[in-house]
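Chemist: Need coordinates for the below:
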Amino acid sequence: MAEITLIRRHRARALFRGTRLRRVPRPTTWLSLILWGMAAVVAGAVLLPTTYLLIRTLDAGTAAWAPVFQARTLRILGRTIWLAMTVTATSAAIAVPLAWLTVRTDLPLRRMWAVLTALPLVIPSYVGAYLVVAALGPRGMVQQWLEGLFGISRLPDIYGFPGALLVLTLLSYPYTLLIVRAALLRMDPALEEASRSLGYGPWVTFWRVTLPQLRPALAAGSLLVALYTLRDFGAVSIMRYNTFTRVIYIQYQSSFDRAAAAALALVLVAMTLGVLALEVHTQQRARYARSTGRTARAQPVIRLGRWRWPALLFCATVVGVALVVPAGVLLYWLVRGVRTGQQFVPLWVATRNSILASGLAAVATLMAALPVAILNVRRPGRLSHVLERITYTGFALPGVVIALALVFFGAHYARPLYQTLPMLILAYVLLFLPQAVGAVRASLLQVHPSLEETARSLGRRPWQVFTTITVPLVWPGIAAGAGLVFLTTMKELPATLILGPLGFKTLATTVWSAVSEAFFAQAAAPALLLILVSSLPIALFILKEHREGI
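Modeler: Presented below is the predicted three-dimensional model:
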């Protein structure tokens, strides 16, 4: 028995230590050329906004850089970086436990919590911030209820950094959640079993085995959260917290010459490159993959025991603050509007346009993300790494900058595409490409290249290997990326307002029109419908993952 135990431990150590990948083989030449060509086209399209900013800035000369070096601008820059750091850390602290609870444990109603915890992503930041103020502000709805019960006349002030941190965290943690969930669903349970067989407890196993396996997904999600915070305007404006993006918007609106605003936007691009460099520096070179296409057995369900109810309370609190409170305020506005006899505009056309644009954007973005992610994982090198990093530059820029850049190129070089649906879809691809790249890359890192090599050795052609082996194995990442792009496209506002075809109304533009005119009852109906329509695809993705038991 002692010899058998020693043999088992030796095998467990070999499995535990064998998760580091060897050098990835080169694919066939013609397939490489196709992937490199597609990735180069994608990178060229992503660089269009930066090119526009450079043209604007260079035409104006050194005068365009004067606002950049003002003391006030530099202070706001520091405030922006601090906000991005805290939102990213807080989002990760919320997302990782939620992903683990809804995938690996016997949490009651875990499928329902898996869907509900992802839905705050569909709420536009300007709407979410206003709803939080309306509910939790010093004289908000919660204060009015507490005043009747306990005589509380005023709640603590929510404006400033605390409010911005709260709103942006609640609206952006699903970026990390969806990508980490996809990685957990692909993780080989044999690695954790090997750790447990060596005598390590569940917490040591989590820190030494599970968390390192999640590092690519956690980094991808945190990167999206940081860039989302850098580019946000609506939430920080309503919360009265000045950030760098707000300076850019003010410069665009207050000056006919947009050269200074272009210079400020270039600083935002430089900040993005800094975030990307930090992400690369913090990630280790080790990559983790499993040697089989699917887990040999279903992933074990961890019994929470006495921690079941605290875990349930944690999920309920996050969903309550991030989703139930905003939805409750919207329902209150809607019911009050119905009681007062307000007339509501038909929403069928706006709903159809939103679904059409978001669906096309999800498909186009995934098509653009696949070659970039495959080259980055299967052909690691300086060039593939640079191409993958380039895709993140558009996500950090405000939507108005992307839209104005495409207006510039459309008016000068592509007039037939100006104010057409393809131009709008291109803007969505440039804005949300990193979401798909990060999700697909994190999932692809967990697929061992030996599976593709085996298929090739059996006579499969490259396209057959891709469609029958690679795509099914990375499907959780593809689904997560598609869900992220669909959800964020549904609520995108500046690009839709500027680049949408004439008369092209979406649910987001309908909500904005009503809110900007203080018709809150009119905004409640399309906002609720936006949440409902956006929740369907993400619910289907998550339920499909649970049924397959990946």
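Chemist: which regions of the stretch 201-350 of the chain lie under the pLDDT threshold?
Modeler: Across the stretch 201-350 of the chain, the ranges flagged by pLDDT under 70 are 201-203, 252-258, 279-300.
Chemist: ok, now with 50
Modeler: Applying pLDDT under 50 to the stretch 201-350 of the chain picks out residues 284-287, 291-296.
Chemist: just the stretch 51-200 of the chain next, same as before
Modeler: For the stretch 51-200 of the chain, no range has pLDDT under 50.
Chemist: What segments of it are helices?
Modeler: 71-104, 110-116, 125-136, 141-150, 161-186, 189-197 (DSSP state H, counting those that start in this stretch).
Chemist: Return the most buried member of those.
Modeler: Mean neighbour count (mean count of other C-beta atoms under 10 Å) peaks for helix 161-186 among the helices of the stretch 51-200 of the chain, with a mean of 26. Any C-beta I mention is one placed from the backbone N, CA and C, and that applies to glycine too.
Chemist: Please produce TSV containing the helices of the stretch 51-200 of the chain, extended by distance to residue 403.
Modeler: Putting the helices of the stretch 51-200 of the chain into TSV (distance: least, C-beta to C-beta, whole Å) gives the following:
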stretch	distance to residue 403
helix 71-104	21
helix 110-116	32
helix 125-136	16
helix 141-150	35
helix 161-186	21
helix 189-197	45
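Chemist: Residue 540 is nearest to which of those?
Modeler: Shortest distance between residue 540 and the helices of the stretch 51-200 of the chain, using C-beta to C-beta, is found for helix 110-116: 9.4 Å.
Chemist: Output the contacting helices and strands for that closest one.
Modeler: Secondary-structure packing of helix 110-116 (3 or more C-beta pairs under 8 Å, 6 or more residues apart in numbering; DSSP states H and E): helix 71-104, helix 308-319, helix 520-548.
Chemist: and the residue nearest the centre of the chain, what does it touch?
Modeler: In the chain, the C-alpha nearest the mean C-alpha coordinate belongs to residue 175, at 3.4 Å (C-alpha atoms, centre = their mean). Contacts for residue 175 (C-beta atoms under 8 Å, 6 or more residues apart in numbering) come out as 91, 95, 121, 221, 224, 225, 228, 435, 484.
Chemist: please redo it, this time with the cut-off set to 6 Å
Modeler: 221, 224, 225 (C-beta atoms under 6 Å, 6 or more residues apart in numbering).
Chemist: In contact with the last one, which residues?
Modeler: For residue 225, the contact set (C-beta under 6 Å, 6+ apart) comprises 88, 91, 172, 175, 176.
Chemist: just checking, the second one touches residue 176?
Modeler: By that I understand residue 91. Yes - judged on C-beta atoms under 6 Å, residue 91 makes contact with residue 176 at a distance of 5.4 Å.
Chemist: Looking at residue 360 now. What's its pLDDT?
Modeler: In this model, residue 360 is scored at 94, pLDDT.
Chemist: so it sits right up against residue 425, yeah?
Modeler: Yes - here residue 360 reaches residue 425: they are 5.2 Å apart, a contact under C-beta under 6 Å.
Chemist: how about the helices of the stretch 51-200 of the chain, which one is nearest residue 504?
Modeler: Closest among the helices of the stretch 51-200 of the chain, once you apply C-beta to C-beta, is helix 125-136, at 20.1 Å.
Chemist: That closest one - contacts with which helices or strands?
Modeler: helix 141-150, helix 161-186, helix 234-238, helix 325-339 (3 or more C-beta pairs under 6 Å, 6 or more residues apart in numbering; DSSP states H and E).
Chemist: Can you tell me which of those helices is nearest to residue 315?
Modeler: helix 161-186 (11.4 Å).
Chemist: looking at the helices of the stretch 51-200 of the chain, which is closest to residue 350?
Modeler: Comparing these under C-beta to C-beta, the one sitting nearest is helix 125-136, at 15.0 Å.
Chemist: what does the closest one contact?
Modeler: 140-142, 158, 167, 171, 232, 234-235, 238-239, 325-326, 329, 527.
Chemist: Give me the buried entries from those residues.
Modeler: The neighbour count (16 or more other C-beta atoms under 10 Å) marks 140-141, 158, 167, 171, 232, 234-235, 238-239, 325-326, 329, 527 as buried among the contacts of helix 125-136.
Chemist: From those, pick the one nearest residue 470.
Modeler: residue 171 (32.7 Å).
Chemist: From the contacts of residue 175, which land in strands?
Modeler: Taking DSSP state E, every one of these sits outside strands.
Chemist: Can you lay out the helices and strands packed on helix 110-116 as TSV showing distance to residue 506?
Modeler: Converted to TSV, those look like this (distance: least, C-beta to C-beta, whole Å):
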stretch	distance to residue 506
helix 71-104	27
helix 308-319	26
helix 520-548	9
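Chemist: What is the nearest of the contacts of helix 125-136 to residue 478?
Modeler: Nearest member of the contacts of helix 125-136 to residue 478, counting by C-beta to C-beta, is residue 171, at 23.6 Å.
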